[in-house]
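J.: Next input, structure requested:
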Amino acid sequence: MSSQKKLVTLHKIRYTMRVHFIAIGGSAMHNLAIALHLKGYNVTGSDDEIFDPAKSRLERYGLLPKFIGWNPNNITSDLDAVILGMHARVDNPELLRAKELGIKIFSYPEYLYEQSKHKKRVVIGGSHGKTTITAMVLHVLQCAGIKTDYMVGAQLEGFDVMVKLSEDADIMVLEGDEYLTSPIDRRPKFHLYKPDIALISGIAWDHINVFPTFDIYKEQFMQFANLITHNGALVYCADDANVKEIGLKVRNDVKAVAYDVPKFVIENGVTKIIVGDRKVELQVFGRHNLLNLMGAKNVCNLLGVSDDVFYQSIKTFKGASKRLELVKANDRSSVYKDFAHSPSKVNATIAAMKEQYLNRKLVACVELHTFSSLTDAFLSQYSGSMDVADEALVYFNPHAIEHKKLPPLDSEKVRAAFANDKIKVYTNSAELMNDIIARNWNDSNLLLMSSGNFDGIDFNKLADKLIK
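T.: Residues are numbered from 1 along each chain as shown. Modelled structure (predicted):
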């Protein structure tokens, strides 16, 4: 073989990385697996359960494991890396084999950093709004023709995948989750990204199973700000007192950029931002989304995008999946779904709906689905969160509580926690849906809020029954 052919062969070998995913079926994990596959990596994976949409998406790219379950024989010495998902346990047989063979083991965020350590990293953090802000930034950068790698926690219109990794983009935009990194690494995910530009949208206690007090939870965001690279920047929401405190304490070498709610009007059901002597018409609404927009604008400014380009681009932004997402509407009613589940998100989303539709009744329905929301010690945080709704419905599944190995809840305790006489509590999803369908929906809106799906309801079919 000639020396030139040897160089070509070595080049190919060097860039055909072999990576195995333990718990490939996770929401984040399967998207990273697809991103590496599209980058040309040799990707394999395993899991003890895989559900849609991950199952269908992995199958489409030829990445769905042939067998369900763990098999230490999947781990061979020719692997370049193993990526470990949160779903796996510390005694996972594949993890133990990887340790035995001395293969480099990465968590999901560690590998994202590995892929982006030579790029400018933008990390969007906060208890709420981070998916929407990340989506807004990506939308504007795409409109501006700026190549960008990214990781975002929802499927976005105009983007084929939720994780993109390439060789030619100089920027990586990451949605920064504060939850734990992996079963063997108890650090919050966003502590691993080392941002050049960081954003904090808001701080409202969450993940009580990991951060048992608000002070411990808040400290994670202070540490996040301290991890900004030298001469980096922190964009922060001055409307949130806890975030503002961090913004005012940031290191002297970090540029601190505050944002707040812009001037706006609602005309004929359309929200418009007032910019100088003009009005910029938006397709999103709600005070929280206006805050999100201003955070995104400041990030884009730091990336070299002018105000004119930003406002021209943001006019076509329709929102992220399940973030005040319109399911169906006519001229007298509408059905929206939203990922809101924590108290601050529930409160902000209900307020946005009432402000946007002043002349309609609002029926707000929230599912208590997360560990925190189903924990007796945390429930009082929901006090007053649904007061603005005309009718307030709360659902929880007792079987979900058993599955999470939590003490049982009763309906009266939940009703008392919300401190609202209008609250109606359900523990049977079929009964809840029957009551919703039986209602007259003229001049009324339905808002469904959950990080789950109310035991598998089809939002589109439900909306079809309500809106003719």
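
J.: Correct me if wrong: residue 465 contacts residue 437.
T.: Yes - the pair residue 465 / residue 437 is scored as a contact, 5.4 Å apart, by Cβ atoms under 8 Å. Every C-beta, even on glycine, is put in place using the N, C-alpha and C of the backbone.

J.: Next up, identify which helix or strand residue 83 is on.
T.: strand 81-84 (DSSP states H and E).

J.: contacts for the helix or strand just after that strand?
T.: Counting by DSSP H and E, the next helix or strand C-terminal to strand 81-84 is helix 93-101. Helix 93-101 is contacted from outside by 20, 22, 46, 70-72, 74-77, 79, 82, 84, 88, 105, 184, using Cβ atoms under 8 Å, 6 or more residues apart in numbering.

J.: Between those, which sits nearest residue 374?
T.: Minimum distance to residue 374 across the contacts of helix 93-101 is 23.3 Å, recorded for residue 88 (Cβ to Cβ).

J.: just for the chain, where's the confidence low?
T.: 1-15 (pLDDT under 70).

J.: Show me the residue at the heart of it, geometrically.
T.: By Cα atoms, centre = their mean, the chain has its centre lying nearest to residue 153, at 3.8 Å.

J.: if I pick the closest residue to residue 373 other than its chain neighbours, what's in contact with it?
T.: Residue nearest to residue 373 in three dimensions, not counting chain neighbours: residue 341, with 6.0 Å by Cβ to Cβ, 6 or more residues apart in numbering. By Cβ under 8 Å, 6+ apart, the residues touching residue 341 are 366-370, 373, 449-451.

J.: Now residue 153, what are its backbone angles?
T.: phi -90, psi 20 (degrees, to the nearest 10).

J.: What residues does it make contact with?
T.: By Cβ under 8 Å, 6+ apart, the neighbours of residue 153 are 27-28, 130-131, 134, 162, 175, 177.

J.: Residue 123: which of the residues you listed is nearest?
T.: residue 175 (8.0 Å).

J.: quick one: secondary structure of that closest one?
T.: Three-state assignment for residue 175 (DSSP: H, G, I helix; E, B strand; the rest coil): strand.

J.: Distance check, the residue nearest to it when sequence neighbours are not counted against residue 118.
T.: Nearest residue to residue 175 in three dimensions, chain neighbours excluded: residue 134, at 4.5 Å (Cβ to Cβ, 6+ apart). Relative to residue 118, residue 134 is positioned 21 Å away (Cβ to Cβ, to the nearest Å).

J.: As TSV, the contacts of residue 341 with secondary structure would be great.
T.: Shown next, in TSV, are these (three-state DSSP):
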residue	secondary structure
366	strand
367	strand
368	strand
369	coil
370	coil
373	coil
449	strand
450	coil
451	coil
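
J.: Just name the closest of those residues to residue 222, please.
T.: residue 370 (23.7 Å).

J.: Tell me how many other residues surround the closest one.
T.: For residue 370, the neighbour count with other Cβ atoms under 10 Å is 20.

J.: So it sits against residue 450, correct?
T.: No - applying Cβ under 8 Å, one finds residue 370 not in contact with residue 450, separated by 9.4 Å.

J.: Tell me which residues of the longest helix seen in the chain come out buried.
T.: Assignment by DSSP state H gives helix 287-302 as the longest helix of the chain. For helix 287-302, a neighbour-count test (16 or more other Cβ atoms under 10 Å) marks 288-302 as buried.

J.: Are we agreed that residue 199 is in a helix?
T.: No - secondary structure of residue 199 (three-state DSSP): strand, not part of a helix.

J.: what number of residues lie near the nearest residue to it once chain neighbours are set aside?
T.: Distances taken as Cβ to Cβ, 6+ apart place residue 235 nearest to residue 199, at 4.3 Å, with adjacent residues excluded. The number of residues packed near residue 235 is 26, by other Cβ under 10 Å.

J.: which residues sit against the one helix or strand residue 235 maps to?
T.: Assessed by DSSP H and E, residue 235 sits inside strand 233-237. Contacting residues not belonging to strand 233-237 are listed as 126, 196-202, 225, 228, 243-244, 246-247, 250, 254-260, 291, 295, 298-299, 302 [Cβ under 8 Å, 6+ apart].

J.: related to what we said a few turns ago, show me which of the contacts of residue 153 are buried.
T.: 28, 130-131, 134, 162, 175, 177.

J.: circling back to that earlier point, does anything pack onto the next helix-or-strand element following the strand holding residue 235? Which helices or strands?
T.: Going down the chain from strand 233-237, the next helix or strand is helix 241-249, by DSSP H and E. Here helix 241-249 touches strand 197-200, helix 214-226, strand 233-237, strand 255-259, going by 3 or more Cβ pairs under 8 Å, 6 or more residues apart in numbering; DSSP states H and E.

J.: quick revisit: which secondary structure elements does the strand holding residue 83 contact?
T.: strand 18-22, helix 93-101, strand 105-107, helix 108-116.
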